[in-house]
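J.: Provided below for reference: sequence and predicted model.
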Amino acid sequence: MAIPSAKLLISAIAVFMLVSASFASSEMPFMVVHKKATLNRLKSGAERVLVSFDIYNQGSAAAYDVSLIDNSWVKKTFEVVNGNTSRTWERLDAGGILSHSFELEAKVKGPFYGAPASVTFRIPTKAALQQAYSNPIEPLDILADVPPTDKLALRVLAKYGSLVSVISMVVLFVHLVATPSSKSNAAKGSNKKKR
């Protein structure tokens with residue numbers, strides 16, 4: 001009775017391995033889209049947002065007619081200063097990377113929560129367009145009131161901070177070694193009274 005069930009189990013494992021191997025070797029692109037936004041405060045008081053994208057093809061086949069569209073930047077809130085919020089490439093080979101960036105100027109003060117960008121692409125084996133999404137960006141605090149920082153104090157801390165901490169530890173160690181503990185003094189006093 002145990003032999004037929006063992007044969008059934010072995011055949012099921014063999015079928016599972018063959019099916020998973022066929023899926024693993026199928027030639028398909030796999031898109032990973034990384035979106036990054038950084039704020040840059042100008043001396044004039046205006047604030048610009050630099051948005052950059054890296055599109056990675058981690059699959060085993062090329063992707064064709066790759067299009068990036070980022071519609072999360074509303075025109076009444078942001079003005080495009082440099083570049084475009086969309087871009088198209090003819091092809092992205094397996095293991096390849098594409099990059100794109102654009103710059104915006106903020107018009108309105110307040111927090112901004114950006115949506116993921118959309119990347120569409122075509123693969124030769126399927127008629128329908130494939131779609132991938134980027135990561136969402138961290139919330140941006142546009143034109144926020146930033147308290148001034150003391151740059152001299154930061155430079156001094158960066159230059160001498162580690163030295164001060166090492167000297168402090170050495171002084172503390174010497175103090176602990178040189179100062180007798182109160183418990184040992186109490187024990188000595190009680191020993192003297194017993195004699």
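T.: Okay, I see it.

J.: What average pLDDT does the longest helix seen in the chain get?
T.: In the chain, assigned by DSSP state H, the helix with the most residues is helix 151-178. Helix 151-178 comes out with an average pLDDT of 83.

J.: go on, stretch 66-78?
T.: Rounded mean pLDDT across stretch 66-78 is 93.

J.: buried stuff in that stretch?
T.: Val66, Leu68, Asp70, Ser72, Trp73, Phe78 (16 or more other CB atoms under 10 Å). (Glycine included, C-beta is placed from N, CA and C.)

J.: Show me what the mean pLDDT comes to for stretch 116-127.
T.: 92.

J.: End to end on that stretch, go ahead and measure it.
T.: 25 Å (CA to CA, to the nearest Å).

J.: Quick one: the helices in this protein, in order.
T.: Using DSSP H, helices in the chain cover 2-24, 151-178, 182-194.

J.: circling back: closest to Leu98 among the buried residues of stretch 66-78?
T.: Val66 (6.7 Å; CB to CB).

J.: Roughly how far does Lys35 sit from Thr85?
T.: 12 Å (CB to CB, to the nearest Å).

J.: higher neighbour count, these two?
T.: Lys35 (21 against 17; other CB atoms under 10 Å).

J.: What sits closest to the more buried one if chain neighbours are left out?
T.: Closest residue to Lys35 apart from its sequence neighbours, by CB to CB, 6 or more residues apart in numbering: Ser134 at 3.9 Å.

J.: what's near enough to touch the one you found?
T.: Going by CB atoms under 8 Å, 6 or more residues apart in numbering, Ser134 touches Val33, His34, Lys35, Phe53, Asp70, Pro116, Ala117, Ser118, Val119.

J.: Kindly provide the distance from Val49 to Ile167.
T.: Distance, Val49 to Ile167, by CB to CB: 44 Å.

J.: More neighbours: which of these two?
T.: Val49 (21 against 11).

J.: quick one: the more buried one and Leu140 touch, right?
T.: Yes - counting by CB atoms under 8 Å, Leu140 is a contact partner of Val49 at 6.8 Å.

J.: overlap in contacts of those two?
T.: Ala37, Leu39.

J.: Show me the contacts of Ser134 that map onto strands.
T.: Val33, His34, Lys35, Phe53, Ser118, Val119 (DSSP state E).

J.: Now do the first one against Trp73, distance only.
T.: Summarising the geometry, the distance separating Val33 from Trp73, computed by CB to CB, is 16 Å.

J.: Thanks a lot, catch you later.
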